[in-house]
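*Asks:* predicted model and sequence below, questions to follow.
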Amino acid sequence: MSDAVPKAAAKAGAFSPLKQPVFAVLWAATVLGNTGSFMRDVASSWLVTDLSASPAAIAMVQAAGTLPIFLLAIPAGVLSDILDRRKFLIAIQLLLAAVSISLMALSHLGLLTISSIVALTFIGGIGAALMGPTWQAIVPELVRRSDVKNAVALNSLGINIARSIGPAAGGLLLAAFGAAVTYGADVLSYVFVIAALIWWPRAQGADDALSERFAGAFRAGLRYTRASRELHVVLLRTAVFFACASAVWALLPLVGRTLLGGDARFYGIMLGCVGAGAIGGALVLPALRKQMDADQLLLGVAIVTALVMAALALAPPKPVALAVLLLLGAAWIVALTTLNGAAQAILPNWVRGRALAVYLTVFNGAMTAGSLGWGLVAQEIGVPATLLAGAGCLLVAGVVFHRVKLPRGEADLVASNHWPEPLTAEPVDHDRGPVLILIEYRVAKLDRPAFLAALNQLSAERRRDGAYGWGVTEDAADPEGIVEWFMVESWAEHLRQHKRVSKADADLQNEAIRFHIGPEKPVVRHFLTIDPKTPTPGPVA
């Protein structure tokens, strides 16, 4: 939003997506569904403490919920691009409802065990893994383009509203009526979500001759991730922060029961305080951004989270513990928003879902590994000492990795559409490949170092947009003749490259082209692989 926009208008704009009925209904249904999920998780976490006092068992339940997201986030991101998203979301909600129905039935019959809770939590994690990228991907379909950022912010706010209500409500239901009723309330929430998805009047997308298939889309997403150095920085900072900070989440049920002497109701209130703190953190974040950049924010929340972990290790009075959990929630949402925002800012639209799925994979992988690791440590040295160790690791990591600066995301990633259609003698099958693209330059000897430096920057762009091989060659007979080449797996993938090149990429290409001294633009040639076993057509009679 431009600085010229009045503050009042900006404030009103933050909630403008809710004026659009489809988004408002689905947003409300999502809040209700997430509230039910938090109620289910509270019941499961607390029941495990009844069945076993082992920190490893508690951590195993936490890991069972996040491990599927680590394993399946990338395939889920691909599926969200190639399937009907409404039908896919309905199927996921039915899966999650089946999980809660199973938990409700086993609890009512007194047959719940740690193994069954872990197994059903894992299946629920599969549903969450499939739903995350898909739910993010539908946002542009629900609101105007100008409201997309506000809609994403409202989704984050909705999750934290659910986080503040769900655990407290789950704890109250669990204490008053038992686990079966708590799980039943979660089942009821899915009924409303499914009804909202069925009601959604989603327009049918037009057939696209260049639409991607699962395997190709998967490879394209991995190629982009491998070639994007800016994304590597975001993923590194994400992995380090959440691996260290996961200690407090892995051990929070034991903190509530053993260190603070609370019951199920108090544990729900603890998680409710975390959610309430997250809402507060989301509200003050715009003011914090005016004072600090992303790296300073991340260092600040690392310090706050470490202090909270240290305070909980000292087994403070319950009111003090609840107060510091408010700080934990605020720090957590600032960290999530800062890192997710950094990832969003550097991703073009064509690969956003898949690259965000990679981000979710790293995030949940860090949480899963951290939960298991800290749970095993706690079994050896105890909960208080583990929390102090986690706090120390987080402080050290925060200071050390503060030097690895997050990308600012200032490049213009809108598609430039400046590549002309490739010339062909006859139609080319989309699945034919690989394809070799040659770009012939003429560059003066004195300009060669600067030209090669420009091409080196361009190489990352070629790989991000679909090339699996890239190089530069020179003409042995003419030192001014230089050829840039890159390989693409199919003709269809090269045509997609034409649509993926952004305005920032176009600027990089222009920087290289300005060294070309030929009378015309550099010549571009396309070469298609020929199977040597294919017979050559004979002469026409």
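*Replies:* Looks like it came in fine.

*Asks:* burial measure for Gln291, as a count.
*Replies:* Using other CB atoms under 10 Å, Gln291 has 8 other residues around it. Placement of C-beta: from N, CA and C, glycine included.

*Asks:* do you know how far it is from Val284?
*Replies:* 11 Å (CB to CB, to the nearest Å).

*Asks:* overlap in contacts of these two?
*Replies:* None of the residues lies in contact with both Gln291 and Val284 under the rule CB atoms under 8 Å, 6 or more residues apart in numbering.

*Asks:* which secondary element of this protein has the worst mean pLDDT?
*Replies:* When the helices and strands of the chain are compared on mean pLDDT, DSSP states H and E, helix 7-13 comes out lowest with a mean of 42.

*Asks:* following it, which helix or strand shows up next?
*Replies:* Going down the chain from helix 7-13, the next helix or strand is helix 21-51, by DSSP states H and E.

*Asks:* after that next one comes which helix or strand?
*Replies:* Using DSSP H and E, the helix or strand that directly follows helix 21-51 along the chain is helix 55-82.

*Asks:* check which helices and strands that following helix sits against.
*Replies:* Helix 55-82 sits against helix 21-51, helix 114-137, helix 214-227, helix 229-254, helix 352-381, with contacts defined as 3 or more CB pairs under 8 Å, 6 or more residues apart in numbering; DSSP states H and E.

*Asks:* again, 10 Å this time
*Replies:* Of the remaining helices and strands, those touching helix 55-82 by 3 or more CB pairs under 10 Å, 6 or more residues apart in numbering; DSSP states H and E are helix 21-51, helix 85-108, helix 114-137, helix 214-227, helix 229-254, helix 352-381, helix 383-400.

*Asks:* redo those helices as a markdown table? Include mean pLDDT.
*Replies:* Compiled in a markdown table, the helices and strands packed on helix 55-82 are given as follows (pLDDT from 0 to 100):
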| stretch | mean pLDDT |
| --- | --- |
| helix 21-51 | 87 |
| helix 85-108 | 91 |
| helix 114-137 | 85 |
| helix 214-227 | 84 |
| helix 229-254 | 92 |
| helix 352-381 | 85 |
| helix 383-400 | 93 |
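
*Asks:* now render the ones you listed as TSV, adding distance to Arg202 and mean neighbour count.
*Replies:* Output for those, formatted as TSV (distance: least, CB to CB, whole Å; neighbours: other CB atoms under 10 Å):
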stretch	distance to Arg202	mean neighbour count
helix 21-51	9	22
helix 85-108	5	19
helix 114-137	12	20
helix 214-227	21	18
helix 229-254	30	23
helix 352-381	17	22
helix 383-400	43	20
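
*Asks:* indicate which one of these is closest to Leu173.
*Replies:* When the helices and strands packed on helix 55-82 are ranked by proximity to Leu173, the top entry is helix 21-51, at 6.7 Å, counting by CB to CB.

*Asks:* quick one: list the elements packing against the closest one.
*Replies:* Helices and strands touching helix 21-51, as assessed by 3+ CB pairs under 10 Å, 6+ apart, comprise helix 55-82, helix 85-108, helix 114-137, helix 139-142, helix 148-177, helix 179-199, helix 229-254, helix 264-291.

*Asks:* show me how far the first one is from its chain's centre.
*Replies:* Read that as helix 55-82. Between the mean C-alpha location of helix 55-82 and the chain-wide mean there is a distance of 12 Å, by CA atoms, centre = their mean, to the nearest Å.

*Asks:* now it: mean pLDDT?
*Replies:* Per-residue confidence for helix 55-82 averages out to 77 on the pLDDT scale.

*Asks:* quick one: that helix to helix 21-51, angle?
*Replies:* 160 degrees (axes from the mean of the first three to the mean of the last three CA atoms, to 10 degrees).

*Asks:* check which residues of helix 55-82 are buried.
*Replies:* 55-81 (16 or more other CB atoms under 10 Å).

*Asks:* same question, the shortest one
*Replies:* Using 16+ other CB under 10 Å as the test for burial, helix 139-142 gives Val139, Leu142.

*Asks:* avg pLDDT for it?
*Replies:* Taken as a whole, helix 139-142 has a mean pLDDT of 75.

*Asks:* wait, Asp475 touches Arg442, no?
*Replies:* Yes - the criterion here is CB atoms under 10 Å, and Asp475 meets it with Arg442 at 9.4 Å.

*Asks:* quick check: the nearest residue to Ala195 once chain neighbours are set aside vs Phe363, distance?
*Replies:* Beyond its immediate neighbours in the sequence, the residue positioned closest to Ala195 (CB to CB, 6 or more residues apart in numbering) is Ala29, lying 7.7 Å away. Applying CB to CB, the value for Ala29 to Phe363 is 25 Å.

*Asks:* equivalent analysis for Lys499, please.
*Replies:* The separation that Lys499 has from Phe363, given CB to CB, amounts to 29 Å.

*Asks:* helix or strand: which one has the closest residue to Leu438 other than its chain neighbours?
*Replies:* For Leu438, ignoring the flanking residues on the chain, the nearest one in space by CB to CB, 6+ apart is Arg525 at 4.5 Å. Assigning secondary structure by DSSP H and E places Arg525 in strand 523-528.
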